[in-house]
Structures are given as structure tokens and as C-alpha cells.
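Curious how this folds, go ahead:
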Amino acid sequence: MTAYLRSKLVPDRPTMASVHGRAEVGRIAPTDPARALALAHAIPDAWYRAQALSCVAEHARESSVGSIAGQAIAAAYDCSDAYNWPLRAAWSRGRQAYARAELDRVLRLAPEVEPLASRIFALNCLWSGCNAADDAFAEPIWQAILRLCNPDHHWRAARLYRHIAEVREQRQAGSAASVIAAMPEGKAKAALARRFKLA
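Predicted coordinates:
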């Protein structure tokens, strides 16, 4: 189950059928979700299939959204890359309770992701996708990052905190300060405070 959150920094090379299949699903899903769903099911690589199914869920008729989002999540469990597409699709189509429950399940796996660089990368991907849907939806991921990714223990963690501060600052001026205030005392916090002219 940790595969749902685990990330390989260099993913396996996908088949061309997966790459082209995902692109075709993305092209036709807005106008022909039934055909797009059939194409998505035929995609051999789970990483691409999860993305394609998520795309279909964003365009499918209301009665099918839950089922297709569930299929996307099942595909994501079969792949070894971090992902956020099924959760974002479920959230954007009004399935907030479902998306939150699935996010809770994923975050319980986060401490098991090793090595640390992979955990940081996976949480980064998860936060970015969920934050794009709704910053409140991404809040539990931010709390997991604070618990599990000390910015002074790995350069990727320091970069993740900087990324979150920048995204929040772009969304609302002055918001980077709350990210910096939540960080543990150390070099990374001091550097980020200087970057945002808070020190």
C-alpha cells in the first residue's frame, strides 16, 4: 500500500501506448467521456492510467464520477510514483468526503516511505496537486510535511518549504510568513526568512 505515496525519483520508462493513450484521453474526455474511459482502461502503465482515469472523472456524467475516481485511485495504488490526480479530480467534482477519506488513508502511509528524499518528493507532489484544488484540502498534507520533513535534514525538504511559501505568497501577499513561522528553528528557517525579508 505504500506504493500509493512512494515516489521513484527516476520512474520506469513508459510504453508509447501509455503516453499516447493518456494524451488521447485528455483530448477526447471533454466531448466523449465514454470513449475516453474505454481508452483509459486500455493504458498499460498504471501511472498513466491513473492520470487518464482522473481526467475522465473530471468530465464524466455525475452518476459515474465516484466509480471512475475509484478506478483512478486503484490504478494509482498499482504504480510506484506519487500522484495527486485522482484526489484532485474527486475533490473538483464535489466528492470532498471521499477525497478527504482517501487522503487520510494516504497520509497514514507517509511515515513508511523511504528513503527520506522519496518521502519529501511524494509529499511535494501530493501537496501541489491537492493545493491546486483547494488550499484547505492541502492543509493535512502541510501538517504531515511539518511532522515528517525537517527542512534542516535534507535539501529537498528545504526546497519544499520554499516552494510552499512561494505558492502561498503568490496567492495572498504576506502568507509566506505563516509558513516560516511554522518551521522548526534552524538554518532553513533563517534562510527563508531572509529571502522574504522577514529577518
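
residues near residue 47, how many?
Burial of residue 47, expressed as a neighbour count using other CB atoms under 10 Å, amounts to 23. Yep, even glycine has a C-beta here, placed from its N, CA and C like the rest.

Surely it and residue 14 touch.
Yes: applying CB atoms under 8 Å as the test, residue 47 and residue 14 come out as touching, 6.9 Å apart.

Touching both of those two, which residues are there?
Taking CB atoms under 8 Å, 6 or more residues apart in numbering as the contact criterion, residue 47 and residue 14 have no common neighbours.

Check what pLDDT residue 109 gets.
The model reports residue 109 with a pLDDT of 84.

check which helix or strand covers it.
helix 96-109 (DSSP states H and E).

The following helix or strand past that helix vs helix 96-109, what angle?
Scanning forward in sequence from helix 96-109, with DSSP H and E defining helices and strands, the next element found is helix 116-133. Relative orientation of helix 116-133 and helix 96-109, computed by axes from the mean of the first three to the mean of the last three CA atoms, to 10 degrees: 170 degrees.

Which residues belonging to helix 116-133 are considered buried?
118-131, 133 (16 or more other CB atoms under 10 Å).

swap in stretch 149-157?
Residues of stretch 149-157 classed as buried: 149-152, 154, 156-157 (neighbour count, 16+ other CB under 10 Å).

where does the chain dip in pLDDT?
For the chain, residues meeting the criterion pLDDT under 70 lie at 1-12, 79-84.

now with 80?
Screening the chain residue by residue with the criterion pLDDT under 80, one finds the ranges 1-14, 77-85, 199.

centroid residue for it?
Closest to where the C-alpha atoms of the chain average out (CA atoms, centre = their mean) is residue 126, at 2.4 Å.

Relative to residue 89, which of the buried residues of helix 116-133 is nearest.
Out of the buried residues of helix 116-133, the one with the shortest distance to residue 89 is residue 133. That distance is 8.7 Å, counting by CB to CB.

hang on, the closest one packs against residue 90?
No: counting by CB under 8 Å, residue 133 sits too far from residue 90 to count as a contact (9.1 Å).

Any figure for the gap between the closest residue in space to residue 92 that isn't next to it in sequence and residue 88?
Counting by CB to CB, 6 or more residues apart in numbering, residue 92 lies nearest to residue 133, which is 5.6 Å off, once chain neighbours are set aside. Going from residue 133 to residue 88 by CB to CB, to the nearest Å gives 5 Å.

got it, and residue 166?
Relative to residue 88, residue 166 is positioned 20 Å away (criterion: CB to CB).

For residue 73, which non-adjacent residue is closest in space?
Closest residue to residue 73 in three dimensions, ignoring its sequence neighbours and counting by CB to CB, 6+ apart: residue 86, at 4.5 Å.

doesn't residue 56 make contact with the one you found?
No: between residue 86 and residue 56 there is no contact under CB under 8 Å: 10.7 Å.

check contacts around residue 137.
87, 91, 96, 99-100, 103, 130-131.

Kindly report the same for residue 96.
Listed by CB under 8 Å, 6+ apart, the contact set of residue 96 reads 90, 137.
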